[in-house]
Structures are given as structure tokens and as C-alpha cells.
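**Q** Next come a sequence and a model predicted from it.
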Amino acid sequence: MATYKIAIDTLGSDKGPETIVQGALMALAENPELSVALFGDEQVIRAYLATVEHDADRIEIVHAPDAITNYDNPMEAIFKKPESSLVKALQALAARDDLLGLINAGSTGALIAGALRYVPAKPLRRPALAAILPAAKGGFTCLVDTGANIDCTAAMLVEFAHMGSDLMRECYGVENPRVGLLSNGAEETKGNKLVKETHALLKADEKLNFVGNIEGTNALSGDCDVLVADGFAGNQVLKNSEGIAKRIITDIVVYGKKTGNPEIMKLVGYLMSIYDFNSLGGAQLLGVGKPIIKAHGAANADSIKNTSAIMLNVARNKAMFDGKDIR
Amino acid sequence: MLEKLKEIIERVTPGIDVSTVTPETKLMEDLKLDSLSIMLLAMEIENAFGFQFTEPVQFVTVQDVCDYLATKA
């Protein structure tokens, strides 16, 4: 019996709608309580569904064949492409109580602009993107912002710290989330003007559990549950981590092939399950009215399945999106 | 009008210094508002003045916003 219904935008991703629908079907197979509303070209979706086994009762198709692409100006596209799958999905998310959240793997800018336009938080908040990354000490670290806000003020970073703390408390069961501030040194005196100003504000904020500055080398150590950064620096940490993980795994694969040792390939599988972006799912858009997750533009079907699992977790614990002050 | 706009700009970008804002101040160039901030600004203006933009806003200066709002009064 399906209890949770999520909207999935099938258009705008690098790998095409069939991959997104395949991921949605994998998510449905893994989660009996899930149903989906697929937004996109009905003909394309039905053509794919005709080739695979699926539970039609748990799939709604909303015909919206127009796509917003990365070549569109995001701010203009959400006004000028009202029939696009993204705008239709966001409007439905805002209007329909049965839709608990939205997954999109298309243009990040259009998703953020559209979410702000059609599914704003009440009162209005500034959205930020949060990536949930595996921490060396176990559990996860929420890195926020990973690219929605490139130029930030200190007050904005404090707001991100609150939104990240809300997410980790409400959806990941961290009772008193430790907040760290990304800097070029752990000492209070380190950092640029923005970091120093933010440090002082975070330290003075009694509603936050601020644990001080965190260097990039310790971003994934698990020394904090929420790592706050402006969108430019946060995006660099995210992409660097992705790039370094990819490089190391590639080197191990080469070594494994050279030595012919099967244990090496097992290790590769293990590392991929932790560090590959397809395993991690998408980044959560905070500061909006309902759960929205941005999947990687190059997401494969596995990634959409894993992103759906994250969405289910958020949907089950969605107090932070109900407009209540949960601090 | 200008004072109300200053309040809204400050709400959209907390921590920004609006004391020097004049009608000639450029939103992106001088105040460093990015496209997301401009969108937030537009939505705060909608809430404050009770109407909805039907197309993307193209404001360059604070005066542009004031002129637009005058047409809505």
C-alpha cells in the first residue's frame, strides 16, 4: 500500500528521461510504500514503461514535454516556459497535498529559482543546497551551501547553519548537531573577512552548537554534523572531494587490473558504494516550502533510486517543512 | 518608497549595508545582489505591495524599482 508519493521530473538530465524513469522504477521496487508522479513527455515515458515490468497503479504520468535545459537562463525560463516539466512539477508540488517532494536532475539554477517562485517557505527564506556526505567517524556531515549562493554575508551563513542543523536534527536523528565553519585554519583568528565575521556570529548564537572552524582536510572527518560555507567554497569542497575520490578509485582499479588480485576489485566496489555520487543521491534544497532534492546532472538510475530513498526519509520526517519553528 | 525598499533589500540580503543606498544605486553592481537575491527581492516586493510579477524583473537601479512600483500604485 503506497503511502508516500513523490514527484520526479524526467527531463533536463544528461542521461535522458529513460534513465530517470528506470531509477524511479528501481525505487518503487525497493520501497512498497512509495508511489511516483512522473513529469515529462508522456509518449517517451509510456514507450519506456512498455519495455519493462512495472506496477502501473503506483505510477502517475503528468504530460509536460517542454524541458528547461542548462542552456536556458534559469530566471527567465521559469517564467517563459510555464509548460515545462519542471514548472509543472513545482506547481503541482505547491498545490497538491499528496505530493510530498520533488526530485530533479536538470538545471540547478532553474530548480532553485523555480522552487523559490512556486514553493517558497513561509515566511520567505533564502534557499541553500545541502549535500549529505559520509563522515569518517560514521554518520554524515551536511555541507551547506554547495552552490546556490556564491556571494554571501555572514548573516546568510548563520541562516545556513540553522537550516543545516534543522535538517540533521529532524531527518537524520542528530540530537544537537555540531556546526563547523569552513576555513583555512582551525584557529579562531584564521579565515577571510567573511569567515571571521561569521565565526563571531556563530559563536554568539545560543541556538547553535558551534564547534569552531574546520579545515578542508577535515571536511569529511566527522568533527561536525553541519559544515557551513558560502556557495563558492562549498561547491569547491564538494567537487574536489568527488574528483579526488574518483582519481583514487581509478588508480586502485588500474592497480587491481595490473596485479589481477580479486580483493582489490572488492575494495573498489566497497569504495564506490561510499564515495560515488550515484551512491550518495542528491543535494537537498533547504529554505523552501516542501522537500526538494537536486540529483546530479549525470545521475544514473541507481542515483535516482538512492535519491528517492533520501526523499522518503525526508518525507517521513518533514516537520522542518511544515512552517513550524522547530528550533 | 525608498525607505521601504531599503528595508526589503536588507531583509533579502541580511548583513548588507543599506545606509548608502540612493535611487541611483545599482542592484547588482553596487549592492552585489546576485540573480537569486534579485528574485528574492521581487518576491518580497510582491508580498509587500500585493501584486505578482508575470515576467522576469529587469531592474538595474533602485530608481527602476521605484518607477515600476509607481505604475502599480
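**A** Great, that's in hand. Residues are numbered from 1 along each chain as shown, chains lettered A, B, ... in the order given.
**Q** residues contacting residue B:8?
**A** By Cβ atoms under 8 Å, 6 or more residues apart in numbering or on different chains, residue B:8 lies in contact with B:41, B:44, B:45, B:48. Quick note: C-beta positions are derived from backbone N, CA and C, even for glycine.
**Q** In the lengthiest helix in chain B, which residues are buried?
**A** Of all segments of type helix in chain B, defined using DSSP state H, the longest is helix B:35-49. Judged by neighbour count using 16 or more other Cβ atoms under 10 Å in any protein chain shown, the buried positions of helix B:35-49 are B:35, B:36, B:37, B:38, B:39, B:40, B:41, B:42, B:43, B:44, B:45.
**Q** now what about that helix, what contacts it?
**A** So helix B:35-49 is in contact with A:74-75, A:109, A:112-113, A:116-117, A:120, A:124, A:126-127, A:148-149, B:4, B:8-9, B:11-13, B:27-28, B:33, B:52-53, B:57, B:59, B:65, B:69, B:72, going by Cβ under 8 Å, 6+ apart.
**Q** if we take the contacts of residue B:8, which one ends up nearest to chain A?
**A** residue B:44 (6.4 Å; Cβ to the nearest Cβ).
**Q** Do you know the pLDDT at the closest one?
**A** In this model, residue B:44 is scored at 92, pLDDT.
**Q** same thing with the one 5 residues further on?
**A** As predicted, residue B:49 sits at a pLDDT of 89.
**Q** From residue A:154, how far off is residue A:209?
**A** Counting by Cβ to Cβ, to the nearest Å, the separation of residue A:209 from residue A:154 is 18 Å.
**Q** and what of residue B:9?
**A** Distance from residue B:9 to residue A:154, by Cβ to Cβ: 17 Å.
**Q** Residue A:314 now?
**A** 28 Å.
**Q** Between these two, tell me which one has more neighbours.
**A** residue A:314 (23 against 20; other Cβ atoms under 10 Å in any protein chain shown).
**Q** The more buried one and residue A:291 touch, don't they?
**A** Yes: using Cβ atoms under 8 Å, residue A:314 is in contact with residue A:291, at 4.4 Å.
**Q** shared neighbours of these two, which are they?
**A** Joint contacts of residue A:314 and residue A:291 (Cβ under 8 Å, 6+ apart) are A:101, A:284.
**Q** for the buried residues of helix B:35-49, which one is nearest residue A:264?
**A** Closest approach between those and residue A:264, by Cβ to Cβ: residue B:36, at 44.9 Å.
**Q** Would you mind measuring from the closest one to residue A:113?
**A** 7 Å.
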